[in-house]
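Novice: 3D, please:
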Amino acid sequence: MGRIVGIDLGTTNSCVAVIEAGAPVVIPNSEGARTTPSVVAYRGDAERLVGQVARRQAAQNAENTVSTVKRLMGRRVDSPESIKQSAHVPYRIVDNGSGDAWIEVHGHAMSPPEVSAAVLSTMKSIAEAYLGEEVTEAVITVPAYFDDSQRQATKDAGRIAGLDVRRIINEPTAAALAYGLDKGVDNERIVVYDLGGGTFDVSILEIRGGVFRVVSTSGDTFLGGEDFDQKIVDLLADEFNLEHGIDLRADRSALQRLRDAAERAKHELSSSLETEVNLPFIAATPDGPQHLLRTFKRGEYERLVADLVERTVRPCQQALQDARLTIGEIHQVILVGGMTRMPAVQRKVQEFFQRAPHKGVSPDEVVAIGAAVQGASLSGDLDQVLLLDVTPLSLGVETGGGVMTAVIERNTTIPARQAMMFTTSLDNQTFVPVKVLQGEREMAADNRMLMEFELAGIPAAPRGVPKIEVSFDIDANGILSVTAKDLATGKKKDVQIVAGSGLTEEEVARLVVEAEQSKSDDSTRRELAEARNAAEALLYTSETALTEYAELLPEDLRASLADSVTLLRQALDSNAPIATVRTLHGSLEASAYRIAEALYGG
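Specialist: Numbering: from 1, shown residues only. Just a heads-up that it's a prediction; the model follows:
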């Protein structure tokens with residue numbers, strides 16, 4: 001059996017890890033970074049870029065560059081979350097014809113699992129380059145508060161990427177596994193406070209005798225770093241609109257530049273008391289080009305996002321209440337997710353839990369490490385880790401009067417099986433409709449419907465006489481199967497809840513084949529894009545040197561450098577093959593080295 005990698009498929013960044021010789025290794029990408037932006041760009045019908053190279057070109061290709069796609073996984077296009085996302089991103093979110101939220105790029109609608117599969121395929125390639133062998137199996141993490149459709153959609157994304165998804169585990173649970181492995185923890189109750197790029201989760205776990213048992217979980221699937229960024233975007237856009245009468249959010253390219261600047265400002269304010277947002281030529285008016293220059297102080301930013309930080313408190317209270325624990329019975333609080341670097345978040349955690357949070361794990365890497373621990377356990381490379389997770393939301397059916405009747409309550413340990421008896425509501429009723437729901441509201445209409453099916457062929461009888469057993473089975477991935485059975489005849493119907501991604505089994509299979517066929521082309525296009533980016537950077541520095549140091553350089557060197565610049569520029573403009581670009585890049589690089597020698601007399 002090959003090694004099973006752990007993948008944290010994040011909203012903003014993704015990370016892949018593996019266990020080697022009993023120790024976790026976070027695998028760096030080709031640029032040496034330990035995390036990779038979860039950004040996918042489409043240039044034309046054939047070219048696809050993933051990661052940092054996609055992020056770099058986002059401002060120039062905003063409407064065809066997709067980020068934060070994780071927030072659309074398993075979503076309906078008319079859901080409040082999809083509507084909110086549509087207003088905040090430059091790309092278009094469309095209805096696939098069945099009500100599912102898809103993404104339009106170059107006039108073609110793509111499902112969120114397709115886009116996520118591009119990120120997962122990149123993580124797979126990163127792992128293969130490091131390990132020197134093919135990677136076919138993975139453990140993938142999801143927010144604890146992902147519902148069944150979102151988990152199914154994530155599993156579909158893994159299959160499209162060519163991965164056998166051995167297990168889907170919750171992100172806070174993965175973090176706890178990594179923490180327990182690293183610290184050799186036992187007999188502790190810990191809270192994992194996970195505020196990432198797109199979601200917030202809080203889980204309470206007990207670690208006893210090597211068993212990791214999730215006691216409760218709560219959260220918000222639409223609260224994360226993207227919302228903190230949006231606060232800055234809205235403030236800057238509103239101020240600019242007030243001064244110049246231009247709403248930058250209506251311009252897709254300007255909106256992308258605002259989003260990038262907001263994210264940089266947020267990061268800088270976690271370590272500095274002040275930062276500057278500088279966006280030249282952000283818009284044009286009859287008076288000429290307009291620039292955006294704004295200084296942010298940390299105190300102003302913290303006041304701006306105070307309501308978002310406060311929103312994390314209620315799920316923490318709910319998790320404690322569901323676990324029947326007090327704050328004094330918690331031994332440790334683990335911070336996970338990039339947003340936990342924000343000082344105001346750390347203060348809120350300390351204020352609520354009345355103890356300083358533990359900072360001994362990397363908030364960006366710990367989830368992938370935990371997934372790798374689970375993968376190594378499944379493959380036998382580590383001693384078996386017994387992981388007892390829970391279902392985050394209640395599962396049930398609609399009963400008389402439109403009421404939601406829970407069959408499996410939230411925070412039930414999984415895998416789990418539970419059955420409940422129902423009957424007919426009308427005389428001589430020969431079929432029973434079963435509406436499968438997920439959520440915590442009292443009325444069925446206020447919860448999410450996962451599936452509707454019928455058990456037909458029931459013998460006619462007075463209402464209340466037939467006995468229909470409805471059983472729910474949740475597997476270790478948190479994915480649900482439902483069975484309805486007439487006890488009198490033994491007639492039954494089994495249904496596995498399918499993903500709300502809008503992809504049929506045939507479409508998933510087709511996408512798997514297409515991904516495999518295009519694997520070589522994708523790799524070539526990525527190499528060309530990276531070579532072009534490196535060439536553009538070298539051209540910029542060389543042209544600057546020619547301008548600034550012309551008088552200090554010998555005439556033959558100036559001529560040689562100018563010729564090299566011209567040749568490389570022509571190659572890029574004519575879309576020359578990658579070998580040509582690399583050769584000309586090397587020639588210009590050699591000329592550029594001679595500048596330093598000439599200036600410093602080397």
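Novice: any stretches of the stretch 251-400 of the chain with poor pLDDT?
Specialist: Along the stretch 251-400 of the chain, the model assigns pLDDT under 70 to residues 384-385.
Novice: again with the chain
Specialist: 1, 45-46, 181-185, 384-385, 496-526, 529, 596, 598-602.
Novice: one more time with 50, if that's ok
Specialist: 499-501 (pLDDT under 50).
Novice: what's L72 in contact with, if anything?
Specialist: 82, 85, 93, 101, 103, 112 (C-beta atoms under 8 Å, 6 or more residues apart in numbering). All C-beta spots, glycine's among them, are computed from the backbone N, C-alpha and C.
Novice: same question for R3.
Specialist: For R3, counting by C-beta under 8 Å, 6+ apart, the contacting residues are 18-19, 131, 133, 135, 137, 375-376, 379, 381.
Novice: look up phi and psi at it.
Specialist: Dihedral pair for R3: phi -70, psi 140, per degrees, to the nearest 10.
Novice: distance of it from A127?
Specialist: 9 Å (C-beta to C-beta, to the nearest Å).
Novice: longest helix in this structure, please.
Specialist: Ranked by residue count under DSSP state H, the longest helix found in the chain is helix 519-548.
Novice: name the next helix or strand following that helix along the chain.
Specialist: Using DSSP states H and E, the helix or strand that directly follows helix 519-548 along the chain is helix 555-573.
Novice: what helices or strands is the helix or strand just after that following helix leaning on?
Specialist: Using DSSP H and E, the helix or strand that follows helix 555-573 towards the C-terminus is helix 578-600. On a contact count with 3 or more C-beta pairs under 8 Å, 6 or more residues apart in numbering; DSSP states H and E, helix 578-600 meets helix 519-548, helix 555-573.
Novice: circling back: of the contacts of L72 - the most surrounded one?
Specialist: In terms of neighbours by other C-beta atoms under 10 Å, these top out with P112 at 30 neighbours.
Novice: can you map out the helices along the stretch 401-550 of the chain?
Specialist: Here the stretch 401-550 of the chain has its helices, by DSSP state H, counting those that start in this stretch, at 505-517, 519-548.
Novice: quick one, what contacts E589?
Specialist: L538.
Novice: how far away is it from E188?
Specialist: To E188, E589 is 54 Å away according to C-beta to C-beta.
Novice: same deal with Q52?
Specialist: Taking C-beta to C-beta, one finds Q52 at 38 Å from E188.
Novice: can you check S149 too?
Specialist: Distance from S149 to E188, by C-beta to C-beta: 34 Å.
Novice: repeat for N278
Specialist: The separation that N278 has from E188, given C-beta to C-beta, amounts to 47 Å.
Novice: neighbour count winner among these two?
Specialist: For N278 versus E188, neighbours defined as other C-beta under 10 Å are more numerous around E188 (16 against 12).
Novice: would you confirm that the more buried one contacts I204?
Specialist: No. Using C-beta atoms under 8 Å as the test, E188 is too far from I204 to be in contact (11.0 Å).
Novice: would you map the strands across the stretch 201-350 of the chain?
Specialist: 211-220, 274-285, 288-297, 332-336 (DSSP state E, counting those that start in this stretch).
Novice: who does the last one touch, helix- and strand-wise?
Specialist: Where contact means 3+ C-beta pairs under 8 Å, 6+ apart, strand 332-336 is packed against helix 171-183, strand 188-195, helix 343-353, helix 366-379.
Novice: coming back round to it: shared neighbours of R3 and A127, which are they?
Specialist: With C-beta under 8 Å, 6+ apart as the test, R3 and A127 both reach 18, 135.
Novice: returning to that earlier point: Q418: which of the helices and strands packed on strand 332-336 is closest?
Specialist: Closest to Q418 of the helices and strands packed on strand 332-336 is helix 171-183 (C-beta to C-beta; 21.2 Å).
Novice: find the nearest non-adjacent residue to L546, please.
Specialist: Of all residues not flanking L546 in the chain, L561 sits nearest, at 6.0 Å (C-beta to C-beta, 6 or more residues apart in numbering).
Novice: which residues touch the one you found?
Specialist: Neighbouring residues of L561 by C-beta under 8 Å, 6+ apart: 542, 545-546, 553, 588, 591-592, 594-595.
Novice: among the residues you listed, which one sits closest to E469?
Specialist: L588 (74.4 Å).
Novice: grab the nearest non-local neighbour of that closest one.
Specialist: S564 (4.0 Å).
Novice: then V94?
Specialist: For V94, the spatially nearest residue (C-beta to C-beta, 6+ apart) is E104, at 4.9 Å.
Novice: which helices and strands does whatever helix or strand E398 lives in pack with?
Specialist: Element membership of E398, judged by DSSP H and E, is strand 395-399. Strand 395-399 is packed against strand 403-408, strand 416-422, strand 431-438, strand 468-474, with contacts defined by 3+ C-beta pairs under 8 Å, 6+ apart.
Novice: partner strands of that strand, with direction?
Specialist: strand 403-408 (antiparallel), strand 431-438 (antiparallel) (DSSP bridges).
Novice: let's have those in JSON lines, adding mean neighbour count and distance to D8.
Specialist: Shown next, in JSON lines, are the strands paired with strand 395-399 (neighbours: other C-beta atoms under 10 Å; distance: least, C-beta to C-beta, whole Å):
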{"stretch": "strand 403-408", "mean neighbour count": "19", "distance to D8": "27"}
{"stretch": "strand 431-438", "mean neighbour count": "19", "distance to D8": "24"}
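Novice: got those as TSV, with distance to Y145 columns?
Specialist: TSV is the format used below for the strands paired with strand 395-399 (distance: least, C-beta to C-beta, whole Å):
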stretch	distance to Y145
strand 403-408	16
strand 431-438	11
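Novice: now do the longest helix of the chain against helix 555-573, angle only.
Specialist: 150 degrees (axes from the mean of the first three to the mean of the last three C-alpha atoms, to 10 degrees).
Novice: report the inter-axis angle for helix 519-548 versus helix 578-600.
Specialist: 30 degrees.
Novice: quick one: distance of helix 519-548 to the chain centre.
Specialist: Counting by C-alpha atoms, centre = their mean, to the nearest Å, helix 519-548 is centred 28 Å from the centre of its parent chain.
Novice: show me what that helix is packed up against.
Specialist: strand 47-50, helix 52-56, helix 112-131, helix 555-573, helix 578-600.
Novice: same thing but 6 Å
Specialist: helix 555-573, helix 578-600 (3 or more C-beta pairs under 6 Å, 6 or more residues apart in numbering; DSSP states H and E).
Novice: with respect to R43, which of those lies nearest?
Specialist: Of these, nearest to R43 by C-beta to C-beta is helix 555-573, at 14.3 Å.
Novice: give the burial count for the residue nearest to D95 when sequence neighbours are not counted, as a bare number.
Specialist: In space, not counting the residues next to it along the chain, D95 is nearest to V77; the distance is 4.5 Å by C-beta to C-beta, 6+ apart. V77: 18 surrounding residues under other C-beta under 10 Å.
Novice: does V77 touch N96 like I think?
Specialist: No. Using C-beta atoms under 6 Å, V77 is not in contact with N96; the gap is 7.7 Å.
Novice: nearest spatial neighbour of E329, skipping sequence neighbours?
Specialist: R189 (6.1 Å).
Novice: M451 against V436, yeah?
Specialist: Yes. With contact defined as C-beta under 6 Å, M451 reaches V436; the gap is 4.5 Å.
Novice: what number of residues lie near N428?
Specialist: Neighbours around N428, by other C-beta under 10 Å: 11.
Novice: oh, that last question was meant for G209, not what I typed.
Specialist: 7.
Novice: leaving out chain neighbours, which residue sits closest to it?
Specialist: Leaving aside its chain neighbours, G209 sits nearest to D186 (6.8 Å; criterion: C-beta to C-beta, 6+ apart).
Novice: gap between the one you found and R208?
Specialist: Using C-beta to C-beta, we find D186 at a distance of 7 Å from R208.
Novice: for T141, same thing?
Specialist: From T141 to R208 the distance is 23 Å (C-beta to C-beta).
Novice: between the two, point out the one with more neighbours.
Specialist: Neighbours of T141 and R208, each counted by other C-beta under 10 Å, are more numerous for T141; the result is 28 against 13.
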